[in-house]
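Q: Have a look at this prediction, sequence included:
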Amino acid sequence: MLSLLGTLIVGFIVGLIARALKPGDDKLGIVMTALLGVAGAFLANYAGSALGWYREGEAAGWIASVVGAIVLLALYGLVKGRAGR
């Protein structure tokens with residue numbers, strides 16, 4: 001339970017950093033920001049493991065997690081932009 005709470009807190013912080021670094025007006029709530037950060041960390045972990053940067057079970061670093069969250073935020077903006085037309 002404690003690790004889940006820690007993951008959510010780290011994900012929220014990563015999501016906030018990603019939203020601050022990516023230009024544009026992304027109107028996401030607190031829950032979506034946390035989910036974005038957690039998903040970015042999972043994306044970074046998966047990509048890093050596939051490329052051999054991380055060993056099995058090793059967590060991705062902060063920078064990789066933020067980059068993963070920025071990628072997901074950019075994809076979200078593309079999908080939302082096309083749906084809003």
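A: Good, I have the coordinates.
Q: So which bits of the lowest-mean-pLDDT helix or strand in the chain are buried?
A: When each helix and strand of the chain is scored by mean pLDDT, DSSP states H and E, helix 2-21 comes last, with a mean of 76. By neighbour count on 16 or more other Cβ atoms under 10 Å, the buried set for helix 2-21 is T7, V10, G11, F12, I13, V14, G15, L16, I17, A18, R19. C-beta coordinates here come from the backbone N, C-alpha and C atoms, glycine included.
Q: Export those residues to a markdown table and append columns for distance to V71.
A: Output for the buried residues of helix 2-21, formatted as a markdown table (distance: Cβ to Cβ, whole Å):
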| residue | distance to V71 |
| --- | --- |
| T7 | 19 |
| V10 | 17 |
| G11 | 15 |
| F12 | 18 |
| I13 | 17 |
| V14 | 12 |
| G15 | 13 |
| L16 | 16 |
| I17 | 13 |
| A18 | 9 |
| R19 | 13 |
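Q: nearest to K80, of those?
A: Closest to K80 out of the buried residues of helix 2-21 is R19 (14.0 Å), distances taken as Cβ to Cβ.
Q: ok, that closest one touching I30?
A: No - checked against Cβ atoms under 8 Å, the pair R19 and I30 is beyond contact range at 11.1 Å.
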